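K.L.:
the sequence isn't on hand, but the structure is:
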């Protein structure tokens, strides 16, 4: 059964127009976007941890300043995305609660540990690189606030990837030990980065509807292939190898063929059995508990000095 | 929307002198001063602006998006408001 407002929604989609928060939309569209944007926001917030791990041990003041700026950007990206999710009628408190209780997920890539300084470089090059390939099409996604947040994020993310590549490039030309450290980091981050694009098209549960709704513009496997094709020549310039014996140029397809991804590992990490799942959530909830007195103080301040209740924003606008 | 600790603010940034402030996003803050400071940290980390406005979200009144057609139709009906409506001699210059 199609209502009048839903046919308007369909017409907007068909015309490749953006849907804005106050437009009527199918409940399932709203729910899908909340799930996806929230997961994306949570990933930015949890994503601060693996790299934050190296802030106090960066090898130089320059690298430390760069890493601080990157981690600060990730906090910012989380906030842009939470604000975009909130335009769909969900509150910040609900979103954080869903993260803390495991009702909503974050990208499973952040459940891997950062064992050496070279991991910071590998994350920048590979993890942020994969994120960029995933995110660029989202700047054209049908939901206005999400698309606008992604434009800003993509602009900022490019520095993240370049600083990582530069750092790995420096290590790869350093001492034998530094080179080995860079290679080890790439060996550990390559496969999890390929998993960031999600399950293969044949088994992806959310894909077809999201494509119809123009939330998703390319399939998981298409984006994964794009990423592999970008990375192989970049690895050659680094002088590092990618840990895949099946990786080779295919004249027929004009793409690089790559080996079988260990989807059992992907599923295990997603289901909570990755190396750092528990640690990540524990640290997040601990930080939230530790911040309670700040929130209490600010709430008391607002009650005393803030706006009159009438001027308070509750609904939001077409952000 | 319920259950949020702080008020919601809309953020507008003037990219450089001579341009108008443009909406860039929103944030939560307990008062205008904190909202401004957060807006600076969140939306101008790379020199994106020379001036910021924060406006309580509740203070924004908006037209109904569902009423787009009837609400804005009169403007489209009056094509004599556009310069291309007028037919002028081909040889005339400077108009």
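P.N.:
Thanks, I have it. Quantities reported herein were computed from a predicted structural model and do not represent experimental measurements.

K.L.:
how about the residues of chain B near chain A?
P.N.:
B:1-10, B:23-28, B:30-32, B:34, B:41-42, B:45-46, B:56-60, B:62, B:64-66 (CB under 8 Å from any CB of the partner chain). For the C-beta atoms, the positions are set from N, CA and C on the backbone; glycine is no exception.

K.L.:
the residues you listed, buried ones only, as a ChimeraX selection?
P.N.:
One line in ChimeraX is enough to select the buried ones among the residues of chain B next to chain A; burial here means 16 or more other CB atoms under 10 Å in any protein chain shown:
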select /B:1,4,6,7,8,9,10,23,24,25,26,27,28,30,31,32,34,42,56,57,58,65
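
K.L.:
now do the helices in the stretch 1-150 of chain A.
P.N.:
A:4-14, A:27-46, A:48-52, A:61-86, A:92-100, A:118-122, A:128-135, A:144-172 (DSSP state H, counting those that start in this stretch).

K.L.:
the inter-axis angle of the longest one versus helix A:27-46?
P.N.:
What that stands for is helix A:144-172. Put simply, helix A:144-172 runs at 30 degrees to helix A:27-46, going by axes from the mean of the first three to the mean of the last three CA atoms, to 10 degrees.

K.L.:
does chain B sit close to helix A:144-172?
P.N.:
Yes - Helix A:144-172 comes into contact with chain B (CB under 8 Å from any CB), by way of A:148-149, A:152, A:156.

K.L.:
how about residue A:248, phi and psi?
P.N.:
phi -160, psi 150 (degrees, to the nearest 10).

K.L.:
now for it, how many residues are close by?
P.N.:
A total of 11 residues lie near residue A:248 under the criterion other CB atoms under 10 Å in any protein chain shown.

K.L.:
pLDDT value on it, please?
P.N.:
pLDDT, residue A:248: 96.

K.L.:
follow-up on the earlier one: out of the residues of helix A:144-172 next to chain B, who's nearest residue A:45?
P.N.:
Of all these, residue A:45 sits closest to residue A:149, with 14.3 Å by CB to CB.

K.L.:
which residue sits closest to that closest one, ignoring its sequence neighbours?
P.N.:
Leaving aside its chain neighbours, residue A:149 sits nearest to residue A:80 (4.2 Å; criterion: CB to CB, 6 or more residues apart in numbering or on different chains).

K.L.:
want to try JSON lines for the helices of the stretch 1-150 of chain A, with mean pLDDT as columns?
P.N.:
Shown next, in JSON lines, are the helices of the stretch 1-150 of chain A (pLDDT from 0 to 100):
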{"stretch": "helix A:4-14", "mean pLDDT": "83"}
{"stretch": "helix A:27-46", "mean pLDDT": "96"}
{"stretch": "helix A:48-52", "mean pLDDT": "97"}
{"stretch": "helix A:61-86", "mean pLDDT": "97"}
{"stretch": "helix A:92-100", "mean pLDDT": "95"}
{"stretch": "helix A:118-122", "mean pLDDT": "98"}
{"stretch": "helix A:128-135", "mean pLDDT": "96"}
{"stretch": "helix A:144-172", "mean pLDDT": "95"}
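
K.L.:
ranking the ones you listed by burial, who's on top?
P.N.:
By mean neighbour count, with neighbours taken as mean count of other CB atoms under 10 Å in any protein chain shown, helix A:118-122 ranks first of the helices of the stretch 1-150 of chain A at a mean of 27.

K.L.:
max-length helix in chain B?
P.N.:
As assigned by DSSP state H, the longest helix anywhere in chain B is helix B:32-43.
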